[in-house]
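Enquirer: Requesting a structural model of the entry that follows:
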Amino acid sequence: GNCPVFYQVDQDRLAPYVEMGLTLIRVGEQARVPLANLGLDGVARSHLLGPHEGLHQAGCRLEILTGELSPKLVEELAKISRNWLAGRGGDEPASSLVQHSAGFPQRSALALVRRGEEVVAYADLRRTARREEVCVDRVRYVLEGPQDILVYLTVELMLWGHEYGYRWLNLGLAPMSGVE
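Expert: Predicted structure coming up:
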């Protein structure tokens, strides 16, 4: 049969649902970074800048791709994804690589981190039409790759989003805490 689903219920409104006997399922909390007045200076962001600068000095760089990808790149990304998943004992859900190989909507993009010519990390991005938000969808990286590659990727996406006028970088859902 049918059952109601309530999504994105605020913490202060959970009690009535629990009192009605409904079951809570932990989905997660969105992590959003405001980009309009982005500043990476200061002590609060120093934990990001050290690793970012180190990987920049080691030759890492961000590349944003839109449109159809070459078969060679699709295979390279698929290999990274397979290895990443194998290291975690998981299977790839309906892969976004299929979308990339067949061409994908203009609001989609792919963020690559290269060290030299080698892809060491990538993220599928979804962009809103009015540059309100750029969303990180799927992230994969080379397990033997540079330490702090996710910090580097996140900082680069923050800088890129800010430069291109996006208001928010949405890092996706993080597991909820405090819901029992």
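Enquirer: Let me know how buried residue 140 is, in neighbour terms.
Expert: Using other Cβ atoms under 10 Å, residue 140 has 22 other residues around it. Backbone N, C-alpha and C define where each C-beta goes, glycine included.
Enquirer: Report the secondary structure state of it.
Expert: strand (DSSP: H, G, I helix; E, B strand; the rest coil).
Enquirer: Mind pulling the model confidence for it?
Expert: Residue 140 is assigned 94 on the pLDDT scale.
Enquirer: Equivalent analysis for residue 40, please.
Expert: In this model, residue 40 carries a pLDDT of 66.
Enquirer: Use 27 as the first number for this chain going forward.
Expert: Will do, 27 is the new start, and the previous item becomes residue 66.
Enquirer: Relative to residue 80, how far out is the spatially most central residue of the chain?
Expert: Nearest to the mean C-alpha position of the chain, by Cα atoms, centre = their mean, lies residue 162 at 2.9 Å. Using Cβ to Cβ, to the nearest Å, one gets 22 Å for the distance from residue 162 to residue 80.
Enquirer: Let me see the ranges of the strands in this protein.
Expert: Chain-ordered strands for the chain, with DSSP state E as the definition, fall at 55-60, 86-91, 134-141, 144-153, 159-167, 194-200.
Enquirer: Out of those strands, flag the one nearest residue 114.
Expert: strand 159-167 (10.5 Å; Cβ to Cβ).
Enquirer: For the closest one, which helices and strands make contact with it?
Expert: Secondary-structure packing of strand 159-167 (3 or more Cβ pairs under 8 Å, 6 or more residues apart in numbering; DSSP states H and E): helix 97-112, strand 134-141, strand 144-153, helix 175-189, strand 194-200.
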